[in-house]
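Q: can you look at this prediction? I've put the sequence above it.
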Amino acid sequence: MKNVFLVLAILLSSHVAFAQVNFGLKGGVNTFNVNDEVLSGDVNDFTLAVKEAQYGFHAGVFLRAKLGPILLQPEVVFNSDNIDYTFDQDQLGQTIINQKYRAIDLPVLTGFKLGPLRILAGPVGHYQLESISELTDDIRTEAFADKLSLGWQIGGGFDIKKITFDLRYESNDSKLGESLNIFGQSVQFAQSRNRVVASIGYKF
């Protein structure tokens, strides 16, 4: 956790080199970009399938600095995602498992203005806080907290006076279901936890 505060301090101090700086608050919704996929267990025959992505939420702060045509926008955001899986096993029948992912997101985006639009892209770090599942005795969540994963965001936005709007696509290295353990077998889908992120904010 010390690394998170160190990164935060660096990001917040970086604005001193820029002539025009805005600080703001933001929040919004996000959802996974998922495809149909089914996993079969090697023991205690079961199938686990991606059912549908539910909407999650995020809230945090951002710093937007402008130096000529170049924009720099670091952020610190609390994020919560969730997704439903269909679990099917002869002895248990079919159930729906909902899994939640909670993390601190640290995007560091750069870009430029194209007329009224902002175009931004850059890396994002996810400091994983916890993963919560609707569990049975044989389905549990593996250790998930205090892990760091990486991804990339790209998107655009625009402002109406002090109100700011953003829509981004996020690609991540981490996989769907990777913190689930079913009958002692770790589960990981082939597809990554890619997301669509929409937010509204207020800049001071």
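A: Ah, there it is.
Q: any regions of the protein where pLDDT drops low?
A: 1-19, 43, 91-92, 135 (pLDDT under 70).
Q: could you pull out the helices for the protein?
A: 2-13 (DSSP state H).
Q: can you map out the strands along it?
A: Per DSSP state E, the chain carries strands over the ranges 20-32, 38-40, 46-67, 70-89, 93-114, 117-133, 139-141, 147-160, 163-172, 180-182, 185-187, 195-203.
Q: what count of nearby residues applies to the closest residue to G151 other than its chain neighbours?
A: Leaving aside its chain neighbours, G151 sits nearest to N172 (3.7 Å; criterion: C-beta to C-beta, 6 or more residues apart in numbering). Every C-beta, even on glycine, is put in place using the N, C-alpha and C of the backbone. By other C-beta atoms under 10 Å, the residues close to N172 number 18.
Q: repeat for V38
A: 11.
Q: now swap in the one 4 residues further on and tell me
A: Taking other C-beta under 10 Å as the neighbour definition, D42 ends up with a count of 8.
Q: so S171 makes contact with Q191?
A: No - if you go by C-beta atoms under 8 Å, S171 and Q191 don't touch, sitting 11.0 Å apart.
Q: returning to that earlier point: return the most buried member of the strands of the chain.
A: Among these, ranked by average contacts under mean count of other C-beta atoms under 10 Å, first place goes to strand 180-182 (a mean of 21).
Q: what does that strand rub up against?
A: 41, 46, 48, 85, 87, 97, 99, 133, 138-142, 186-187 (C-beta atoms under 8 Å, 6 or more residues apart in numbering).
Q: just stretch 86-97 next, same as before
A: The contact list for stretch 86-97 (C-beta under 8 Å, 6+ apart) reads 44-51, 84-85, 133-136, 138-139, 180, 182.
Q: for that stretch, C-alpha coordinates in CSV please.
A: Extracted C-alpha coordinates of stretch 86-97, given in CSV (Å, rounded to 0.1, in the frame of the first residue of the first chain):
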residue,chain,number,x,y,z
THR,A,86,-23.3,-19.8,-14.7
PHE,A,87,-22.1,-22.8,-12.7
ASP,A,88,-23.5,-26.2,-13.6
GLN,A,89,-22.6,-29.4,-11.7
ASP,A,90,-24.6,-32.6,-11.4
GLN,A,91,-24.8,-32.7,-7.6
LEU,A,92,-25.5,-29.0,-7.2
GLY,A,93,-27.6,-28.2,-10.3
GLN,A,94,-27.2,-24.8,-12.0
THR,A,95,-26.5,-21.7,-10.0
ILE,A,96,-25.5,-18.1,-10.8
ILE,A,97,-22.2,-17.0,-9.2
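Q: isn't Y202 right next to I163, touching?
A: Yes - contact criterion C-beta under 8 Å: Y202 and I163 qualify, at 6.2 Å.
Q: what touches both of the two?
A: The contact sets of Y202 and I163 do not overlap (C-beta under 8 Å, 6+ apart).
Q: with that, I have no additional questions.
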